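A.B. asks: Curious how this folds, go ahead:
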Amino acid sequence: MQVTLTDEGRNIVKRAMSEQLGMLKIVYDTDGCGCAVSGVPKLQLVSNKTETDIDIKSEDGDIPILIERRFQVFFDPKMTLSASVKPGRLQLKSDQQIFHSRLAITY
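C.D. replies: The predicted model follows:
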């Protein structure tokens, strides 16, 4: 799995990381969605990597990105994280689809 960050996307992530040190984690949240395959992507800054997390390759490697191994199936092998039309938010997409167009980074 690989994530490319645009310059604008990288700036948003680095701004969030300057407020709280950590690693960016892509989460597939299924709480309240009805079943385990209906969920929404979220971005979190986490301080520790768990035993179920795996590293995602980023273009230049300057931003550590994680995902839980079991959530890989819900995403595409190559994705892009870019600035959203809403200021301070991010868009996660691939060539096939847009996963979320207004992601906030939570702590």
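A.B. asks: The closest residue to S94 other than its chain neighbours: helix or strand, and which one exactly?
C.D. replies: Counting by Cβ to Cβ, 6 or more residues apart in numbering, S94 lies nearest to D76, which is 3.8 Å off, once chain neighbours are set aside. C-beta: built from backbone N, CA, C; applies to glycine. Under the criterion DSSP states H and E, no helix or strand holds D76.
A.B. asks: where's D76 relative to K93, distance?
C.D. replies: The gap separating D76 from K93 is 9 Å, by Cβ to Cβ, to the nearest Å.
A.B. asks: Likewise for T50?
C.D. replies: As judged by Cβ to Cβ, T50 and K93 stand 26 Å apart.
A.B. asks: Mind checking which of the two has more residues around it?
C.D. replies: Taking other Cβ atoms under 10 Å, T50 and K93 do not tie; K93 has more neighbours (16 against 10).
A.B. asks: What segments of the protein are strands?
C.D. replies: For the chain, the strands defined by DSSP state E cover 2-5, 23-29, 40-46, 53-58, 65-68, 78-83, 90-93, 98-103, 105-106.
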